[in-house]
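Asks: pasting the structure only:
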């Protein structure tokens with residue numbers, strides 16, 4: 001690069017610096033003369049110098065600022081509530097898809113993390129990490145990217161929109177009922193399909209997971225449900241503010257890996273784990289299945305609706 005080129009670039013740099021400090025409404029500067037840089041002819045009329053936006057905060061809609069995340073989840077809850085009233089059939093289909101995606105994630109966790117007998121004996125922590133990281137994050141990722149009505153995430157979204165007075169109690173209850181029921185149906189369909197496929201290579205492990213879940217007492221299931229959905233709703237909360245698939249996946253990976261590796265209880269995942277174990281010989285009755293789902297579901301509601309949603313509504317809500 002010759003001296004003329006360096007001086008010319010320096011001149012443009014000075015011009016841009018000056019324009020950036022002004023409050024001008026000029027958005028573009030078109031130069032009118034042609035000049036030469038090295039052996040190449042450059043038409044300055046095609047060079048555009050863009051100024052920074054007048055209000056930089058507008059361009060930060062996809063960044064993870066707490067207030068904007070709150071606003072995003074409130075808008076999401078508003079749309080979900082209205083959909084459940086105006087088009088319950090579509091809302092139900094989205095619920096079926098969500099149940100299927102979570103089931104596929106749980107199946108992946110069973111296929112990989114559940115088939116590490118050596119690690120279970122020698123490095124239980126690593127086996128739990130593999131089980132948590134490879135599986136359920138996949139299910140929630142596709143639920144958020146492709147679209148789905150997941151009950152656990154909706155406990156937070158609809159509660160926030162209720163606090164913002166953009167959803168009614170009727171819309172909240174209607175959405176929760178539709179999403180919970182359709183998630184359950186979608187999970188049971190996946191259980192049947194997986195059983196017919198014959199892809200489970202370690203049925204003893206699957207049956208063991210189901211049996212261990214129904215043996216836990218009510219209080220433990222309730223507390224595990226609270227902690228689980230606190231993490232799940234954090235994942236949904238942050239992912240709603242992401243602008244691309246990569247950011248969404250990273251937002252989901254950490255909290256979902258955490259809840260699954262720790263051994264917390266997710267009601268929709270249990271709608272797949274326990275019935276699948278029953279299909280493979282677990283000594284579990286339908287009564288025991290619902291005895292597990294009741295405290296886990298109540299805990300999921302407390303974690304999502306009361307701790308996360310109501311807590312942040314009192315911090316970032318429009319009335320505060």
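Replies: Here it is on my side, so go on. Just so it is clear, the model here is predicted, and its values are computed rather than measured.

Asks: centre of the chain to the strand or helix carrying residue 221, how far?
Replies: Using DSSP states H and E, residue 221 sits within helix 218-239. Averaging C-alpha coordinates over helix 218-239 and over its chain gives two centres that are 13 Å apart (Cα atoms, centre = their mean, to the nearest Å).

Asks: next structured bit after it?
Replies: Past helix 218-239, the next helix or strand by DSSP H and E is helix 245-262.

Asks: and that next one, what does it pack onto?
Replies: In terms of contacts (3 or more Cβ pairs under 8 Å, 6 or more residues apart in numbering; DSSP states H and E), helix 245-262 is packed against helix 124-133, helix 136-146, helix 218-239. (C-beta placed from N, C-alpha, C; glycine too.)

Asks: between the ones you listed, which gets nearest to residue 197?
Replies: When these are compared by Cβ to Cβ, helix 136-146 sits nearest residue 197, at 17.4 Å.

Asks: one step back: buried ones in the helix holding residue 221?
Replies: Neighbour-count burial for helix 218-239, counted by 16 or more other Cβ atoms under 10 Å, picks out 221-239.

Asks: that older thread, which one of the helices and strands packed on helix 245-262 lies closest to residue 166?
Replies: Taking Cβ to Cβ as the measure, the helices and strands packed on helix 245-262 were each checked against residue 166, and helix 218-239 came out nearest at 16.7 Å.

Asks: tell me the angle the closest one makes with helix 245-262.
Replies: Between helix 218-239 and helix 245-262, the angle comes out at 170 degrees (axes from the mean of the first three to the mean of the last three Cα atoms, to 10 degrees).

Asks: would residue 148 count as being in a helix?
Replies: No: if the criterion is DSSP: H, G, I helix; E, B strand; the rest coil, then residue 148 is coil and not within a helix.

Asks: gap between it and residue 274?
Replies: Shown here: residue 148 relative to residue 274, a distance of 21 Å by Cβ to Cβ, to the nearest Å.

Asks: same check on residue 65?
Replies: Residue 65 is 39 Å from residue 274, where distance means Cβ to Cβ.

Asks: residue 252 and residue 139 touch, don't they?
Replies: No: proximity of residue 252 to residue 139 does not meet the contact threshold set by Cβ atoms under 8 Å, at 9.5 Å.

Asks: rewinding a little: residue 65 and residue 274: who's more crowded?
Replies: When neighbours are counted by other Cβ atoms under 10 Å, residue 274 comes out ahead of the other of residue 65 and residue 274, with 26 against 13.

Asks: mind listing what that one touches?
Replies: Applying Cβ atoms under 8 Å, 6 or more residues apart in numbering to residue 274 gives the contacts 210, 213, 214, 282, 284, 289, 292.

Asks: per-residue pLDDT, the last one?
Replies: The pLDDT attached to residue 292 in the predicted structure is 98.

Asks: much appreciated, bye for now.
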